[in-house]
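> just coords:
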């Protein structure tokens, strides 16, 4: 028996409503957190451009660099989702997984629908600030993506979100054996932030490192969607990036399946 | 005082025995913190490929500053972080009752009861990185100033805890700390950058009401630029004021606490 798409839509909608239920949290997160993040990089890069006196660094001028960070902050939230509340490890840990084993649905699909629903606050934030972006001064608002760039970015964003979820799955599944796996999620956040282009544009890395980074899974998480919408990629470069990302998706899916199958055998259903 | 010391020694004993029960978790946390240090060092290395100075500091100076922040982070992760993680959960579940009826300060108990034995290893790693950064520094470093720098880093760890707590206390009213929690971790990034890159009202905020720049950057400035009594008094004064403000906020919050599932 297979669950209908309507069920997954309903699950995602419930999760979206849950994510929006704490209004104060939502607005603090959407507005304060965004400007705090943007402020930190604005001061950092203003200081660097002022000190060096260069017009461009790594192919970015100052407004271009700020555009990159604005987009990586907004799109990054859609890629990561509510990573630390990912219910997989919690379901394993407290035995909540048992009820899903009885439902006529795939647990992973159910959980991914929940994960997508929880993206609503980040999606609202993206739409809100993208609409406000053209109003920003100093050349930062000079940003007009065409429909092709928009579609390329949207596809990269979707694949990035799926890839981040699939990288998280085997890490979360370690909860079958370990008491607390949140540190693995934080570890992923650190590494993907640096090697995926969330902390720094990958163009700033030395050429040798860049050549390696384009084959790792992390680039597809942040650099690819942002570079696509900024028009810094040709269609061929974008397609190659997407193909690499989908290859990694398949690999992490297989890995997650293996870990999950092994874990299920040791799952007692009562929590650790 | 002796009673509190005995109590803290018991916290340490329980924490170490608990950490040994979950060996895998112990290892994960050590790796996580080590990755944080590596990521920060690579971040600054990449930045310095494109500039010779950041906020007036060379790469060697920024390395000492960054290692200072690692030490503060390791102290926080070891002594306070677990307790800060649990606090909003206790408030929302009504589990705070158990701690409020103890014959000791509730703030002391809730801030220090869970010592992260696994992060203690990272404290040793952070100390080793600091020794490495100081030893590789090309210029002379006055031992007295180094001692003062290290003492101010301990003060920085205490200040970091106070700011973190200030962002958690509103959970008594808001019932969810997700937004403020994320905002704290975003603002924390300001303490990982040299204070001289900030200017205007943001800088004034970062050295007063939200004193993130006083955590690691001011101690490093005192190390590199010589002892300035005004700067030292500023750091200690803001820490004392922050302590008084957080204590007052805690008392106010407890008066607002309505027990189970508030």
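All right, it came through fine. In this text, all values refer to a predicted model and were calculated from it rather than measured experimentally.
> Can you report how many residues neighbour residue B:52?
9 (other CB atoms under 10 Å in any protein chain shown). (Glycine included, C-beta is placed from N, CA and C.)
> From the contact counts, what lies against the strand or helix carrying residue B:19?
For residue B:19, the element it lies in under DSSP states H and E is helix B:2-21. Identification of packing neighbours for helix B:2-21 by 3 or more CB pairs under 8 Å, 6 or more residues apart in numbering or on different chains; DSSP states H and E yields helix B:23-47, helix B:106-112, helix B:117-135.
> Now do the shortest one: everything it contacts.
Counting by CB atoms under 8 Å, 6 or more residues apart in numbering or on different chains, helix B:106-112 makes contact with B:4, B:7-8, B:11, B:79-80, B:83-84, B:86-87, B:90, B:96, B:99-100, B:102, B:161, B:165, B:247, B:250, B:254, all of which sit outside it.
> still on that earlier bit, now render the helices and strands packed on helix B:2-21 as a markdown table, adding mean pLDDT, mean neighbour count and distance to residue B:214.
What follows is the helices and strands packed on helix B:2-21, written out as a markdown table (pLDDT from 0 to 100; neighbours: other CB atoms under 10 Å in any protein chain shown; distance: least, CB to CB, whole Å):
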| stretch | mean pLDDT | mean neighbour count | distance to residue B:214 |
| --- | --- | --- | --- |
| helix B:23-47 | 90 | 18 | 19 |
| helix B:106-112 | 92 | 17 | 20 |
| helix B:117-135 | 92 | 18 | 19 |
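> Show me what from the stretch 1-150 of chain B comes close to chain A.
Contact residues, the stretch 1-150 of chain B versus chain A (CB under 8 Å from any CB of the partner chain): B:22, B:24-25, B:28-29, B:31-32, B:35-36, B:39, B:42-43, B:46-47, B:49-55.
> Let's see that with 10 Å instead.
The stretch 1-150 of chain B has residues B:18, B:21-40, B:42-43, B:45-56, B:85, B:118-119 near chain A, with proximity defined as CB under 10 Å from any CB of the partner chain.
> So for the helix holding residue B:19, mean pLDDT?
Mean pLDDT, helix B:2-21: 81.
> Quick check: whichever residue of the stretch 51-200 of chain B sits closest to chain A vs residue A:32, distance?
Of all residues in the stretch 51-200 of chain B, residue B:179 sits closest to chain A, at 3.2 Å by CB to the nearest CB. The gap separating residue B:179 from residue A:32 is 8 Å, by CB to CB, to the nearest Å.
> Those two: which has the busier surroundings?
More crowded of residue B:179 and residue A:32, by other CB under 10 Å: residue B:179, with 24 against 16.
> The more buried one touches residue A:27, doesn't it?
Yes. Here residue B:179 reaches residue A:27: they are 7.4 Å apart, a contact under CB atoms under 10 Å.
> what touches both of these two?
Jointly contacting residue B:179 and residue A:27 under the rule CB atoms under 10 Å, 6 or more residues apart in numbering or on different chains are A:33, A:121.
> Please list all residues in contact with residue A:42.
A:35, A:62, A:65, A:66, A:69, A:70, A:138, A:140, B:197, B:198, B:202.
> same for the strand or helix carrying the fifth one, what does it pack against?
In the assignment (DSSP H and E), residue A:69 maps to helix A:62-80. Of the remaining helices and strands, those touching helix A:62-80 by 3 or more CB pairs under 10 Å, 6 or more residues apart in numbering or on different chains; DSSP states H and E are helix A:34-52, helix A:120-132, helix A:147-173, helix A:182-195, helix A:223-229.
> Can you tell me which of those helices is most buried?
helix A:223-229 (a mean of 28; mean count of other CB atoms under 10 Å in any protein chain shown).
> Tell me the pLDDT of the residue nearest the centre of chain A.
Centroid-nearest residue in chain A: residue A:79, 1.8 Å away (criterion: CA atoms, centre = their mean). On the pLDDT scale, residue A:79 is placed at 94.
> pretty sure it contacts residue A:122?
Yes. At 9.0 Å, residue A:79 counts as touching residue A:122 under the criterion of CB under 10 Å.
> which non-adjacent residue is nearest the residue nearest to the centre of chain A?
Among residues not flanking residue A:79 along the chain, residue A:160 sits closest, at 4.3 Å (CB to CB, 6 or more residues apart in numbering or on different chains).
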